[in-house]
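Participant: Need a 3D model of the following:
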Amino acid sequence: MINEIKSNSYSVFFDKQLKALEDFLSNNDYSKIFILTDRNTTEYCLPVLTKTLPDLADYDLIEIDPGEENKNIDFCIGIWKMLLDFGADRKSLMINLGGGVVTDIGGFAASTFKRGIDFIQLPTTLLSQVDASVGGKTGIDMDGVKNIIGTFTQPKAVFINSAFLATLADKQVVSGFAEMVKHGLIYDKDYFEKLKSVDLEQISDSFIVRSVEIKNDVVTKDPTEKGLRKILNFGHTIGHAIESYSLSHDSFPLLHGEAIAIGMISEAYLSHRVKGFTLEELNETTAYILRLFPKYTFSESIYDKLFSYMLNDKKNTNGNIGFALLEQIGVCTFDIYVQKELIFEALDYYRTLN
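Facilitator: Below is the predicted model of the structure:
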């Protein structure tokens, strides 16, 4: 059975047989097809794709190294050069087969090559299925700042096949679950309550569909992040700073969801201090996220470094650091500007939790 969610200009298909992808390719006369992967998705996910769609044989493969640290202009230049070498023209198609790094950089490379070629997203991680593949944001990192270079460019379609999740390590699944928790916290209290009873080893398709519905609803109303879409940044102002720090300083950097979990706890505290998020809701949210994600240990000595990352965040205005904060579980507001001292207080809150 194929489920379809329609956005402003494209559809998200939930399809384990990828019949919708087969129909898409047969109904569009592309001059060339390129598949972008990283080394992991070449090994584990490309065979799933080619086995499911044996007629998809005439394509050129472009492979990058895995990891957020490689989502940069150097690897993007490498993709552009490969497209040139393979003779890509403006009637070519890029299929981005991978997690958020592949869908982000692949979308950016496609949206800028020859002023834009078509691309579709085949997200293979839970994180990319519920977040990175939906909404038309493309991007790369620069100087440790996440997604600071990018475009708003919609894919032609998104195809979600939960069979790809079987290729993931448990840690990757939990990382993706952080974004699902965020969706409940900012938009749907009932969904948040249901997530609390989920066995992470058996996340049903219905939960993935609901997360995509939430994100799609928000993005459809505000495709270029002028207003409502900013609520999707809950947990990300502090979370991205933690993630950037970890990428630069840790031998085994935090995954995106692990960093966002820290951000959500810290920003839930800010919500309590600034927007009336109750102490009961703060305690409930904190306890649940800590149950999913182990504490990350850091000291007060890195606060200024984290703050410098936050100052470079895309959501800032006139040097003021902007947050999306919770008024209650399921209700989020945006464009809330918080002073440095209170941000440090929120970091203290996380750091001193048991």
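Participant: ok, the one residue sitting closest to the centre of the chain to residue 117 distance?
Facilitator: By Cα atoms, centre = their mean, the chain has its centre lying nearest to residue 132, at 3.3 Å. To residue 117, residue 132 is 20 Å away according to Cβ to Cβ, to the nearest Å. C-betas here are computed from N, CA, C, even on glycine.
Participant: Residue 283 now?
Facilitator: Applying Cβ to Cβ to residue 283 and residue 117 gives a distance of 50 Å.
Participant: Between the two, which is the more surrounded one?
Facilitator: residue 117 (22 against 12; other Cβ atoms under 10 Å).
Participant: isn't that one right up against residue 95?
Facilitator: No: judged on Cβ atoms under 8 Å, residue 117 makes no contact with residue 95 at a distance of 11.4 Å.
Participant: picking up where we left off before, how close does the residue nearest to the centre of the chain get to residue 295?
Facilitator: For residue 132 relative to residue 295 (Cβ to Cβ), the value is 26 Å.
Participant: next one: residue 210
Facilitator: In terms of Cβ to Cβ, residue 210 sits 29 Å off from residue 295.
Participant: Looking at these two, which has the bigger crowd around it?
Facilitator: A direct count of neighbours by other Cβ under 10 Å for residue 210 and residue 295 places residue 210 higher, at 21 against 13.
Participant: Neighbours of residue 174, how many?
Facilitator: 20.
Participant: hang on, the earlier thing: OK, contacts around the residue nearest to the centre of the chain?
Facilitator: Counting by Cβ atoms under 8 Å, 6 or more residues apart in numbering, residue 132 makes contact with 99-100, 103-104, 123.
Participant: 7 Å - rerun?
Facilitator: Taking Cβ atoms under 7 Å, 6 or more residues apart in numbering, we find residue 132 in contact with 100, 103-104, 123.
Participant: do the same with residue 320
Facilitator: Counting by Cβ under 7 Å, 6+ apart, residue 320 has contacts residue 337.
Participant: Quickly list what it is bridged to.
Facilitator: For residue 320, the beta-bridge partners under DSSP bridges are residue 317.
Participant: Tell me where this protein has strands.
Facilitator: 3-6, 11-14, 33-38, 60-64, 93-98, 118-123, 137-142, 145-152, 157-160, 322-328, 331-337 (DSSP state E).
Participant: ok, the helix or strand bottoming out on mean pLDDT in the chain: who's next to it in the sheet?
Facilitator: Within the chain, confidence by mean pLDDT, DSSP states H and E is lowest for strand 3-6 among all helices and strands, at a mean of 89. The pairing partners recorded for strand 3-6 under DSSP bridges are strand 11-14 (antiparallel).
Participant: gap between the strand it pairs with and the chain center?
Facilitator: 17 Å (Cα atoms, centre = their mean, to the nearest Å).
Participant: Any chance you could list what contacts that strand?
Facilitator: So strand 11-14 is contacted by 2-5, 20, 134, 157-160, 205, 209, 212, 216 (Cβ under 7 Å, 6+ apart).
Participant: ok, back up a step: nearest to residue 243, of the strands of the chain?
Facilitator: Proximity to residue 243, assessed across these by Cβ to Cβ, is greatest for strand 145-152 (6.7 Å).
Participant: count of residues packed around residue 275?
Facilitator: Counted with other Cβ under 10 Å, residue 275 comes out at 16.
Participant: ah, wrong one, I meant residue 270
Facilitator: 22.
Participant: Excluding chain neighbours, what is closest to it?
Facilitator: residue 346 (5.0 Å; Cβ to Cβ, 6 or more residues apart in numbering).
Participant: my guess is that neighbour meets residue 271, correct?
Facilitator: No: Residue 346 lies out of contact with residue 271 (Cβ atoms under 7 Å); the separation is 9.5 Å.
Participant: Just the contacts of residue 132: which are in helices?
Facilitator: 100, 103-104 (DSSP state H).
Participant: Let's have those in a markdown table, adding pLDDT and neighbour count.
Facilitator: Output for the ones in helices among the contacts of residue 132, formatted as a markdown table (pLDDT from 0 to 100; neighbours: other Cβ atoms under 10 Å):
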| residue | pLDDT | neighbour count |
| --- | --- | --- |
| 100 | 92 | 24 |
| 103 | 96 | 31 |
| 104 | 96 | 26 |
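Participant: Many thanks, have a good one.
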